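> Below is the structure, and that's it, no one-letter string:
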C-alpha cells in the first residue's frame, strides 16, 4: 500500500536515474544504513561478528566483484579464489613492507594489484567464450595458489608457509591482530562494503554498465554499435579484480588473521562465490548481497537450530547441514533460475499493485 | 574522382548533396566463394539509397563491408572524401555509421531505454573513475544524453515501453527499438538491413513513415536493403541492384524498373 510510485513524480532525468526510484525504498535503504552503522556495532558480540557479519560482508564484496564480471559482462570466471589470494598476499606484503602506511590504503592497493593480475588472466576472454573461458580462468586459480605456496618471498620465508596479519590500527583502534574489538572489525569491513556497493552501482547504471551488458547480451551487435570489446571486457576484469582483491585482503587481515593459501583460497572458494552470484541473481547488486547472506547465514542458522534447539550431536548436524544446504540450492534454482534478486523483483512488482491488483 | 560538390534535386523537391560514401571496385571473397565482385557505387548526402537483389546476391555482405564488419580483399571505401583504412566495426561506428540488423540484435537483458542509450556511446566520454563517482561529469553527461534519447523515443512513439525489458516486446516493436538505438547515435549514415522483414502491411506502413520522417527531419542519409519492391520503389531515391555478387543496375527506381538485366534477374530468363 505504501510501496508505490503513484504520486511520486519525477521531474528531472537525474531523479529518474537514482538507485532507489521509489520513496519507500529510499527510506528503507537509509534505515538499513543507519542500523548498520549506528545500532549494530553496539549490540554485537564476538560470535556474531565472526560467524555472521564478517563473512557476510566480505563475501558480499567478492560476490559484487564476481557479479560484475559474470552477471554484467557475461565472462565466466572460476578464478575468484586465486584472485582473493592475490589480494590477501598483496595486503600481507604491503603490511609487512610498509608498516607505517595505513591499512586502509594497503587494502585499496591490494585491490589495485589484484585488478592488474585479473586483467592479465582476462586476456584470453578476447578469444574464447563461455565454458572455455571458465576453464582458462581455472588455470589462474591453480597457478596462483601454486605460486603463493612455491615462492617463499610471498610469505616472507616463514617456516610454516602461513601468512599472519600483524597488528594494525585505524584512528588508534586495532583492526587486525588479537586485540581487535568485534565492533571495530565490523565497522571497518562495513565501510568497504558500502563504498564498493556504491561504486558498483554507479558503474553499472551508467555507460560503463551498458557497455558490459551489451557485450554480455550480444557481443557482435555491441561492437557494431561502437563498444570496443577489448576495453569493455578488460575493464570488467579490472573492476571485478579490484573488488575481489579487497575482499581477499579483508578476509585475510581482518577476518582470519592467518592464512594458508591452499586451504583458504582453494577452488572451493571460487565455487562458493560463484554460487553466491548465481543463487543471488546474475546482474544484480542486491543479488550479490542476497547470495552471500544465503550461503553464509543458512549454515549458521541450521547449526543453531539442529544443535542448539534440537540438541543433535554436532557431527551429525554438520553432515545434515551440507545435505540441507545442497537441497535448498537445488530447490531455489528450480523455483527461480534467476536467483533471489528476481524473487525480490517479482515481489516488488506485486507490492506495487497490492492490495488492488486490477 | 569525387564530385562531392555536385548534387541533384529529387522529384518531390528534396535537395540531395554531394557524395558521402563511395565504394570503389569492392571485391569480397570467402575462401573460394566470391560474395561481392568488383562493385562500385556511391551514397549521397541526404538520400535514401536502396540495395536490392535476389537472395544470396551479396546485399548483406555489402552492408557489412560498409559497417566495417568485413574488410574487402580488393577495392577502396571513401568516407567523406577520404580513403578509409581497414577498420574494426567499433571504429566505423565511432565515425558515425550506425546500422540495424536483419534479425534483430538488441540487448535482450536490458530495458528499452538502456538499449537506446547504448546508441549514445559515441557522445558519452566520461571515464571509469568519473562514472564510479557518478556525481559531476558522469551524471551531467547521462542527463544531457538522456534528453537526446528521449527525443528519439518520442519521435518513434515508443514512450510507453521505455522501461520495459526488450525481451518482453513483440517483434514489430523490437524493430522500432533497434531503429531508435541506431538513430540515437545521430549517425551521418544509417544502414538498415531489411527493416521491414517479417512485418504485416500496417507495420510496414509505420516503418516506411518512420524512415521517411527520419530522412526528412534529421536529413539522415539512409542506405537500406529491402525485399518488398513496392516499399523500395516508393521510398528510395536511387537503387543499386545486385545479383550473384555483381552490380546489374543502378539508378532511380524508374530506371531500375525498366532495366532489362534487372527484370531478367528477378523474373528469370528463358534458356534456349
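Nice, thanks for sending it over. Bear in mind that the values here come from a model prediction, so they are computed numbers and not experimental data. Residues are numbered from 1 along each chain as shown, chains lettered A, B, ... in the order given.
> drop to CA atoms for contacts and neighbour counts, all remaining ones
Will do.
> how about residue A:271, what does it touch?
Going by Cα atoms under 8 Å, 6 or more residues apart in numbering or on different chains, residue A:271 touches residue A:78.
> The one 5 residues further on now?
For residue A:276, the set of contacting residues under the criterion of Cα under 8 Å, 6+ apart consists of A:63, A:288, A:290, A:291, A:292, A:294, A:295.
> buried set for the strand or helix carrying the second one?
With elements taken from DSSP states H and E, the one containing residue A:288 is helix A:285-303. Under the neighbour-count criterion of 16 or more other Cα atoms under 10 Å in any protein chain shown, helix A:285-303 has A:285-299, A:302-303 buried.
> you'd agree residue B:254 is in a strand?
No. Counting by DSSP: H, G, I helix; E, B strand; the rest coil, residue B:254 is not part of a strand but helix.
> tell me the contacts of it?
Contacts of residue B:254 by Cα under 8 Å, 6+ apart are residue B:233.
> Quick check: the gap between it and residue B:85.
Residue B:254 sits 35 Å away from residue B:85, going by Cα to Cα, to the nearest Å.
> Likewise for residue A:332?
53 Å.
> quick one, which of the two is more surrounded?
Between residue A:332 and residue B:85, residue A:332 has the larger neighbour count (other Cα atoms under 10 Å in any protein chain shown), namely 17 against 11.
> After whatever helix or strand the more buried one lives in, which helix or strand is next? Please name it.
If you go by DSSP H and E, residue A:332 is part of helix A:314-335. Next helix or strand after helix A:314-335 toward the C-terminus (DSSP H and E): helix A:339-353.
> got the buried residues for that next one?
A:339, A:340, A:341, A:342, A:343, A:351, A:352.
> Please report phi then psi for residue B:82.
phi -120, psi 150 (degrees, to the nearest 10).
> What pLDDT is listed against it?
On pLDDT, residue B:82 comes in at 89.
> Now do the same contact list for it.
Contacts of residue B:82 by Cα under 8 Å, 6+ apart: none found.
> tell me the phi and psi of residue A:127?
phi -110, psi -40.
> Distance of it relative to chain B?
According to Cα to the nearest Cα, to the nearest Å, residue A:127 and chain B sit 15 Å apart.
> How about residue A:281?
Taking Cα to the nearest Cα, one finds residue A:281 at 13 Å from chain B.
> so how many other residues sit close to residue B:201?
10.
> Skipping its backbone neighbours, what lies nearest the residue of the stretch 1-150 of chain B found nearest chain A in space?
Residue nearest to chain A within the stretch 1-150 of chain B (Cα to the nearest Cα): residue B:90, separated by 3.9 Å. Nearest residue to residue B:90, sequence neighbours excluded (Cα to Cα, 6 or more residues apart in numbering or on different chains): residue A:226, at 3.9 Å.
> ok, now residue A:343?
Per Cα to Cα, 6+ apart, closest to residue A:343 is residue A:336, 6.9 Å.
> next one: residue A:162
The nearest residue in space to residue A:162 (Cα to Cα, 6+ apart) is residue A:260, at 4.9 Å.
> report the angle between the axes of the helix or strand hosting residue A:278 and helix A:314-335?
Using DSSP H and E, residue A:278 sits in helix A:267-280. Going by axes from the mean of the first three to the mean of the last three Cα atoms, to 10 degrees, helix A:267-280 is angled at 40 degrees with respect to helix A:314-335.
> which residues are contacting stretch A:314-326?
Counting by Cα under 8 Å, 6+ apart, A:298, A:299, A:302, A:303, A:306, A:307 sit against stretch A:314-326.
> where exactly do the helices run in chain B?
With DSSP state H as the criterion, chain B has helices at B:59-66, B:89-94, B:112-118, B:128-133, B:137-155, B:171-184, B:201-218, B:229-235, B:253-257, B:260-267.
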